[in-house]
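1. Here you go, sequence then predicted model.
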Amino acid sequence: MKVVVIGAGVIGAAIADALAVRGVRVTVIDMRAPGRGATQASAGLLAPFIEAHDEGPLLDLAVRSLAQYEAFVGGLRERSGCAVEYARTGTLEVAFTDDESHRLRAAERVLDGRGVPFDRIDGSKIRHLEPAVSEAAVAGLLIPAHGFVGAGSLMKTLLESARIAGASFEQPVEAVRIDPSADRVDVVAGNRSYTADWVVVASGSWSSRVRVTGASTPVVRPIRGQLLHLNWTGPRPSRSVWGAACYTVPWSDGSLLVGATVEDVGFDERSTVAGVSQLTNAVRRLLPGSDQAAVHAIRVGLRPATPDGLPWIGPLSAAPRVVMATGHYRNGVLLAPLTADLVARLIVLGQSDPALAVTSPDRGTR
């Protein structure tokens, strides 16, 4: 069996690896180097109960994927021999106002209903837990199950594991058209063409630019996210700390990542003064010691958003050999293990997981 994966971000690479280790011949094509889209700007947060506070299908998907992460990372390390920065040190979400505190209590009810351990931290005790947090904080919510993974090290390991298993990666190659038939799929990419048994569209914000002959494809729009990478001095948070206007992730090298803006500006990948100002003001309120931090880098990525906030994962009914795996918005890294597993089992074993009914691309075609 041969599969062409369009897109070499964390979703495309995870799918390529999952297929290749199952014996599938996989070719991954992308218009840029692997991981250079939204993945390069990802903070790598694994925090479903913050990203999806309310009960609903996104939270179900995120919780299920988080439960797979230990085995996911362990398998990658074993197959590739590469290191992956990965820690389940928990998250501390901080409230500065009564409204924000009420939001934390609503999150507690969700956690309690699912049997997920958590600790509510009174304002006076927050700085005992995390001295870097502002004294203005009135409440905190600690969720020990959360964590983070280094998106860069994860991508490197995915690529190495997939290549060892036989997958190939080609770039710069931009797919422009997919021509499906009953027993095969042809991909037209400039002056190149590919023929495969299946094609997976995992090209993030650019997915809507890939035309599928005879089928409508779901809409994905880019949402710019800017992040700051800070060189920190002095006491630093020991875990990811969230405020209403930003979040922070401490890396093992002593630096700190601050994210992220949410900007509907089309395919504009520039960093801006307004974006940097928004983040610096937010992190100074959350962690006053950031005043002394140096800006190491500004990262920018375009997150692929869907109208209802759920990713498109599954086959197109009008082109069953074309599988969508896109629209993960801010949760591509978090949802990578589950997405790869769903797509690989569908293609290799013909198993249609119940989750695919929720994420079906046919729920919103154009």
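-> On my side now, so go ahead.
2. Where does pLDDT dip in this protein?
-> Applying pLDDT under 70 to the chain flags residues 53, 364-366.
3. what about 50?
-> Across the chain, the ranges flagged by pLDDT under 50 are 366.
4. so what are the domain limits for it?
-> In terms of domains, the chain is parsed into 2-80+151-218+307-364, 89-146+221-305 (source: automatic domain parsing).
5. After the helix or strand hosting R321, which helix or strand is next?
-> With secondary structure defined by DSSP states H and E, R321 is part of strand 319-326. Reading on from strand 319-326 to the C-terminus, the next helix or strand found by DSSP H and E is helix 332-344.
6. Let me know the angle separating whatever helix or strand E78 lives in from helix 332-344.
-> Here E78, judged by DSSP H and E, is contained in helix 57-80. If you take axes from the mean of the first three to the mean of the last three Cα atoms, to 10 degrees, helix 57-80 sits at 80 degrees to helix 332-344.
7. In helix 57-80, which residues are buried?
-> Of the residues in helix 57-80, 58-59, 61-66, 69, 72-73, 75-76, 79-80 count as buried by neighbour count, 16 or more other Cβ atoms under 10 Å. All C-beta spots, glycine's among them, are computed from the backbone N, C-alpha and C.
8. and if you look at stretch 332-352?
-> 332-348.
9. Kindly report the same for stretch 196-209.
-> Using 16+ other Cβ under 10 Å as the test for burial, stretch 196-209 gives A196, W198, V199, V200, V201, A202, S203, G204, S205, W206, S207, S208.
10. Would you state the helices of this structure in chain order?
-> According to DSSP state H, the chain carries its helices in the segments 10-20, 48-51, 57-80, 98-114, 123-129, 151-164, 273-286, 332-344, 355-359.
11. so which of the ones you listed comes closest to V173?
-> helix 10-20 (12.5 Å; Cβ to Cβ).
12. what's that closest one packed up against?
-> Where contact means 3 or more Cβ pairs under 8 Å, 6 or more residues apart in numbering; DSSP states H and E, helix 10-20 is packed against strand 2-6, strand 25-29, helix 151-164, strand 319-326, helix 332-344.
13. do you know which of these lies nearest R114?
-> Nearest of the helices and strands packed on helix 10-20 to R114, taken as Cβ to Cβ: helix 332-344 at 16.6 Å.
14. what's the angle from the helix holding E78 to helix 151-164?
-> Here helix 57-80 runs at an angle of 60 degrees relative to helix 151-164 (the same axes, to 10 degrees).
15. what comes into contact with helix 57-80?
-> Contact partners of helix 57-80, identified using Cβ atoms under 8 Å, 6 or more residues apart in numbering, comprise 17, 21, 46, 48-49, 51-53, 82-84, 86, 110, 114, 145, 147, 149, 154, 157-158, 160-161, 164-165, 309-311, 331, 334-339, 341, 355, 358-359.
16. can you give me the angle that helix makes with helix 10-20?
-> Computed by the same axes, to 10 degrees, the angle separating helix 57-80 from helix 10-20 equals 60 degrees.
17. Tell me which residue of the chain is furthest from the middle?
-> Distance from the centre of the chain peaks at S124, with 33.9 Å (Cα atoms, centre = their mean).
18. That one and D99, how far apart?
-> Going from S124 to D99 by Cβ to Cβ, to the nearest Å gives 20 Å.
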